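Asks: Here is a sequence together with a model predicted from it:
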Amino acid sequence: MSSQTENRQQSRILFVKNLNYNVKGEDLYELFGKYGAIRQIRLGDQPQKTKGTAFIVFEEIGDAKMALDRLNGFHLQERYIVVLYHVPSRTTAKADLARREAELAELKRKHDIRDD
């Protein structure tokens, strides 16, 4: 497992990027469905924002992990796809806030600034 994958919380939702703009939901069902039951696939359709991306929701976390391990870097329709665990923006925002608070506390300690 790559270090990037290890740092992300496992999820049954995968985020896929670098998809060919002509890829269809059926193509993804056929490819990802080999690794387990799929609950939903949502293709990005907004040019310059989400086109070339998809969310794939598996029924089971283990199936999502297997698909990620086997399909990250897979060559599909003349593109090498990138498959990642989906991390909700709230989770990312909370982690970023905690990191920034820790940095602020360290700077206050380093410069002897007190909250009075």
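Replies: Now that the structure is in, tell me what you want to look at.
Asks: what separates stretch 62-81 from the chain centre, distance-wise?
Replies: 12 Å (CA atoms, centre = their mean, to the nearest Å).
Asks: which of the residues in it are buried?
Replies: Residues 63-65, 67-68, 71-72, 76, 79, 81 are the ones in stretch 62-81 that count as buried (16 or more other CB atoms under 10 Å). Bear in mind the C-beta positions are built from the backbone N, C-alpha and C, glycine included.
Asks: Output those in JSON lines, with distance to Leu43 appended to each entry.
Replies: JSON lines is the format used below for the buried residues of stretch 62-81 (distance: CB to CB, whole Å):
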{"residue": "Asp63", "distance to Leu43": "20"}
{"residue": "Ala64", "distance to Leu43": "17"}
{"residue": "Lys65", "distance to Leu43": "22"}
{"residue": "Ala67", "distance to Leu43": "16"}
{"residue": "Leu68", "distance to Leu43": "18"}
{"residue": "Leu71", "distance to Leu43": "16"}
{"residue": "Asn72", "distance to Leu43": "18"}
{"residue": "Leu76", "distance to Leu43": "13"}
{"residue": "Arg79", "distance to Leu43": "14"}
{"residue": "Ile81", "distance to Leu43": "13"}
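Asks: ok, so of the residues you listed, who is nearest Gly44?
Replies: Using CB to CB, Ile81 comes nearest to Gly44 of the buried residues of stretch 62-81, at 13.1 Å.
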